[in-house]
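Enquirer: generate coordinates for the sequence data below:
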Amino acid sequence: MTEWTDDKVAELRRLHALGMSAGQIGLELGLTRNTVGGKLHRLGLRPGAPRNAGRKPGSKNSPQQRAERQQKSSNLRVRFEQIEVVDLPPEQSAHAVPLMKLNANTCRWPMGDPRDLDKMRFCGTAPKNDKPYCDRHCRMAYRRYQNVEAA
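Expert: Numbering: from 1, shown residues only. Here you go, the predicted structure:
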């Protein structure tokens with residue numbers, strides 16, 4: 001067990017303030033990374049570099065960058081709501097198959113209530129090319145999104 005003297009703790013705090021990682025501090029003090037990390041935690045210091053050490057204005061986590069990311073996210077939500085939904089024919093259940101009858105030549109789109117295995121079925125029509133779903137369900141599963149950056 002490591003004995004933390006006042007001198008070691010002072011050196012730990014100094015090295016941490018310089019932005020050194022727990023592993024680097026451990027090498028300097030002749031201790032393991034986990035020993036240093038545990039002591040930093042008990043001292044209420046965050047392992048790794050201090051929160052703002054070496055951060056440049058306009059860095060990834062600056063308030064300006066966060067605001068820009070939030071704006072892009074809200075633009076994406078608006079764009080998603082504006083996407084046209086393709087008119088699809090009504091659900092085709094004539095080919096529906098139970099789980100145990102699925103194979104490479106059947107659409108795997110689930111239908112029915114998954115809590116009731118007697119009512120749970122899969123589409124069962126021929127799949128589209130190398131996809132797991134038929135043409136109708138591919139149009140539902142693989143939608144194209146508008147480019148948010150272009151708008």
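Enquirer: hey, where'd the strands end up in this structure?
Expert: 110-111, 121-122 (DSSP state E).
Enquirer: Ala98 and Cys123 touch, don't they?
Expert: One thing to correct before we go on: residue 98 is Pro, not Ala. No: if you go by Cβ atoms under 8 Å, Pro98 and Cys123 don't touch, sitting 11.9 Å apart. Bear in mind the C-beta positions are built from the backbone N, C-alpha and C, glycine included.
Enquirer: tell me the domain boundaries of the chain?
Expert: 1-53, 88-146 (automatic domain parsing).
Enquirer: so what's the gap between the shortest one and the chain middle?
Expert: The one in question is domain 1-53. On the basis of Cα atoms, centre = their mean, to the nearest Å, domain 1-53 sits 31 Å off its chain's mean C-alpha point.
Enquirer: where does pLDDT dip in this protein?
Expert: Filtered on pLDDT under 70, the chain yields the residue ranges 1, 47-61, 74-93, 144-151.
Enquirer: quick one: the helices in it, in order.
Expert: Ranges of helices in the chain, per DSSP state H, are 6-17, 22-29, 33-42, 63-82, 135-141.
Enquirer: tell me which of the ones you listed lies nearest to Ala104.
Expert: Nearest to Ala104, of all the helices of the chain, is helix 135-141, at 15.6 Å by Cβ to Cβ.
Enquirer: for the closest one, packing partners?
Expert: Helix 135-141 is packed against no helix or strand, with contacts defined by 3 or more Cβ pairs under 8 Å, 6 or more residues apart in numbering; DSSP states H and E.
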